[in-house]
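**Q** generate coordinates for the sequence data below:
(chains A, B and C)
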Amino acid sequence: MNYDMNYDNNYDEINECENEEKDEYNNVKEKINENENKTDKVTDNVLYRLSLNPNKGGLQNVDKDKVNKIIYEVSKGSAFFKNAKEREKIHTERIKEMKKKYIELKKRTLDYEKQKIENLMKKMENERDLSQYIVHIDMSKSMISTANYEERKYGVRSAMPGYIALKLCKDLILVPPRHKKYHEVSLEIRKVISSYDPNYCPASVDEVFLNITNFLEKNPLYTPSKVTEEIRQKIFEKTKLTASAGIAPNLMLAKICSDMNKPNGQTELKNDANEVEKFVKLLPIGKVSGIGKVTERTLNELGIKTCGELKENMIYIRELFKPATYQFLLNVSLGIGKTIINNKWERKSISVERTFSNISDEQELYNKLLDISFKLAQDVEKENLKGKSVTLKLKTSGFEILTRCLTISKFIHKQEDIYKVGKKILDSCIEENPNQSYRLMGLRLSSFLDSKKNISLDKFVKIIDNKNTVDILAQKKEYECPVCYKVIRVDYLNEFEKHVNNCLNNVEDIKQSEFIENKKYNKKFKLNDKESDYKQIIKNDKIDNTTSEDYYHKGKQRLNNKSNNQIKHDVSSTSSKLICPICKSSIFCSTNEELNRHIDICLNNDIIKNYET
DNA sequence: AAAAGAAGGACCC
DNA sequence: GCCCAGGGTCCTTCTGAA
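**A** Numbering: from 1, shown residues only, chains lettered A, B, ... in the order given. Next comes the predicted model:
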């Protein structure tokens, strides 16, 4: 079967393929039912979940029949399969509810709403930005670790468990990925690409977005497809790797296009409203990045297979889905996407997780935690991060995933500290469910203290001006410390700076106060037994009375102050007056936002210093 | 009362 | 001989309060 569709010329082919897929799917289903004598819907859907996704590239010429059967037979009865079934049941239930609602909605006329939504869509279409030429380059199919094209012919996909892959393809040799090589290669590629757009954005190891609009302007002899051709050619020369590419007026469409001519070809969607509409109308929703298995099936069950059908049904989508999803789907249905490439990525979390053979023994679990905390601390150090939220992730032997998160008031990065917090969570998990055995454990650090990003003095000055209270260059003023969340009164900025430095230095250790502050956590995780418990867990951590007092107050303060814009200057107000644990100055909190700004400022104390002199 | 934090999911590569 | 990863992001729902 040929899934190599050419969207530029033949749109009908898409529909044909869709039907063929469906037929084939039913075919497999029947065969399995024959063998297994099972006809329940759940199995049916689980199969859908486990089956190959025919939308993805590189799967033409695969005997999907056979592949699906093998996957099914090897998987059935496993804990994984049972879990998939369970999840599927829940999903199916959800869909049933939606359908009911959908039918109800269809009975109503909704003329007014329809009009409204149509107007909105028209407006969006009119404002469609067609001025940009975005290119998406995808190398993944030529270099990715587990499933290359040869293997794919056998139906092997990445993330497939080895034993299944081996059944599919007896001669399969699992080659360990060579990350170094990847790195070198991707550097080469990026070098090439940056000459066409210095602001390109690496979307992943093997994917890149770039905007060639500027290049085209400067080189009028080129056409978009010619530029892309050249890029791919250069990449090939340098790395001997093929790449597929998509050219379109926005990121979303470019990505879809790059998927259409794999592994070594390109597809262009012209910057023309009619072309885009035509393209989108017949586009299967599953092709869109962001619509995965679940959403695809949900929409399918509502009779929506293409973006065109999606567009027709937006009124119902609006009622059936949550606002963010609705907004997303609305854009999708119109083929509207981002036209600006944002290459500024900042990480929000960092994590390590490991799968292992089932463990129920407490001690072994703690050992795993130790290992993982080491690995995480290493990574954290490499990235030079400090965070104050630690999340423990566990997967039971039955493939159920649970995550528990604990946020403390200090930013941590050291292995011992990560371990301490992780252990606290693990303790409570074990207590909750003593004999549970697990097959995976993970730790994540988040809520970072960002020391470099986004801190400019301008911002600070502006904020202060807006508030019309403090001038940065004036003296005897109040500043909010970004670390301790408090307002400091100082005569000179360097005092303030000193304060911040102190705060930053003290960020290191987790003290008892950290845990005490987190009352909710204490309750939930049964940590009321303070002294004895803490002494064991946090060894060598002396309790600084002032500090713990203050943090306690701070926690209280924050809760008290949620909404009010109160009293920045009322020194006598007991509820708002705090002593900074670091510099011992009186401080006055109002909103968290302000406190955050304060943080930025403190972190930037170098700049402040320069400014001052 | 609103904002935030926690837990759970869906998705992507 | 093992026996469906691991690293991220974003969205949604629930909770809750000294």
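**Q** residue A:209 in helix, strand or coil?
**A** strand (DSSP: H, G, I helix; E, B strand; the rest coil).
**Q** that one and residue A:190, how far apart?
**A** From residue A:209 across to residue A:190, the span is 12 Å (C-beta to C-beta, to the nearest Å). The way it works is simple: take the backbone N, C-alpha and C, and place the C-beta from them, glycine included.
**Q** which residues do the two both contact?
**A** Each of residue A:200 lies in contact with both residue A:209 and residue A:190 under the rule C-beta atoms under 8 Å, 6 or more residues apart in numbering.
**Q** between the two, who's got more neighbours?
**A** Between residue A:209 and residue A:190, counted using other C-beta atoms under 10 Å, the more crowded position is residue A:209 (24 against 13).
**Q** let me see the contact set for the more buried one.
**A** Residues near residue A:209 by C-beta under 8 Å, 6+ apart: A:134, A:135, A:136, A:137, A:200, A:201, A:203, A:251, A:254, A:255, A:341.
**Q** quickly list what it is bridged to.
**A** residue A:136, residue A:201 (DSSP bridges).
**Q** quick one, longest helix in chain A?
**A** Identified as the longest helix of chain A according to DSSP state H is helix A:79-107.
**Q** that helix packs against which elements?
**A** Helices and strands touching helix A:79-107, by 3 or more C-beta pairs under 8 Å, 6 or more residues apart in numbering; DSSP states H and E, are helix A:41-50, helix A:293-301, helix A:314-320.
**Q** does it reach DNA strand B?
**A** Yes - applying C-beta under 7 Å from any atom of the strand, one finds helix A:79-107 in contact with DNA strand B at A:87, A:91.
**Q** contact partners for residue A:405?
**A** Shown in contact with residue A:405 (C-beta under 8 Å, 6+ apart): A:389, A:390, A:391, A:392, A:425.
**Q** how many neighbouring residues does the residue nearest to residue A:272 when sequence neighbours are not counted have?
**A** Distances taken as C-beta to C-beta, 6 or more residues apart in numbering put residue A:130 closest to residue A:272, at 7.0 Å, once the chain neighbours are dropped. Residue A:130 has 15 neighbours, counted by other C-beta under 10 Å.
**Q** now swap in residue A:398 and tell me
**A** 15.
**Q** again with residue A:290
**A** Applying other C-beta under 10 Å, we find 12 residues neighbouring residue A:290.
**Q** and what of residue A:187?
**A** Residue A:187 has 9 neighbouring residues, counting by other C-beta under 10 Å.
**Q** mind giving me the domain ranges of chain A?
**A** A:12-104, A:134-334, A:349-448, A:457-510+A:539-612 (automatic domain parsing).
**Q** whether stretch A:427-444 contacts DNA strand B - can you check?
**A** No - Stretch A:427-444 lies out of reach of DNA strand B by C-beta under 7 Å from any atom of the strand, never closer than 8.5 Å.
**Q** show me what counts as buried in that stretch.
**A** A:427, A:428, A:429, A:430, A:436, A:438, A:439, A:440, A:441, A:442, A:443, A:444 (16 or more other C-beta atoms under 10 Å).
**Q** would that stretch count as contacting DNA strand C?
**A** Yes - on the criterion C-beta under 7 Å from any atom of the strand, stretch A:427-444 is in touch with DNA strand C at A:439, A:440, A:442, A:444.
**Q** need the max-distance pair from these.
**A** Spatially, the most separated pair among the residues of stretch A:427-444 next to DNA strand C is A:439 and A:444, at 17.8 Å (C-beta to C-beta).
**Q** hey, where'd the helices end up in the stretch 201-350 of chain A?
**A** Remark: helices assigned in the stretch 201-350 of chain A by DSSP state H, counting those that start in this stretch are A:213-218, A:224-239, A:251-258, A:273-281, A:293-301, A:307-312, A:314-320, A:323-334.
**Q** now render the ones you listed as CSV, adding distance to residue A:95.
**A** Below are the helices of the stretch 201-350 of chain A laid out as CSV (distance: least, C-beta to C-beta, whole Å):
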stretch, distance to residue A:95
helix A:213-218, 42
helix A:224-239, 40
helix A:251-258, 25
helix A:273-281, 25
helix A:293-301, 5
helix A:307-312, 16
helix A:314-320, 10
helix A:323-334, 14
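**Q** tabulate those (TSV), appending mean pLDDT and distance to DNA strand B.
**A** Formatted as TSV, the helices of the stretch 201-350 of chain A follow (pLDDT from 0 to 100; distance: least, C-beta to the nearest atom of the strand, whole Å):
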stretch	mean pLDDT	distance to DNA strand B
helix A:213-218	97	23
helix A:224-239	94	16
helix A:251-258	97	7
helix A:273-281	97	16
helix A:293-301	96	3
helix A:307-312	97	14
helix A:314-320	96	14
helix A:323-334	96	10
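**Q** dump these to a markdown table, plus distance to residue A:182 and mean neighbour count.
**A** What follows is the helices of the stretch 201-350 of chain A, written out as a markdown table (distance: least, C-beta to C-beta, whole Å; neighbours: other C-beta atoms under 10 Å):
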| stretch | distance to residue A:182 | mean neighbour count |
| --- | --- | --- |
| helix A:213-218 | 27 | 14 |
| helix A:224-239 | 11 | 17 |
| helix A:251-258 | 19 | 25 |
| helix A:273-281 | 33 | 18 |
| helix A:293-301 | 27 | 18 |
| helix A:307-312 | 34 | 20 |
| helix A:314-320 | 40 | 19 |
| helix A:323-334 | 31 | 17 |
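**Q** out of those helices, flag the one nearest residue A:370.
**A** Closest of these to residue A:370 is helix A:293-301, at 35.6 Å (criterion: C-beta to C-beta).
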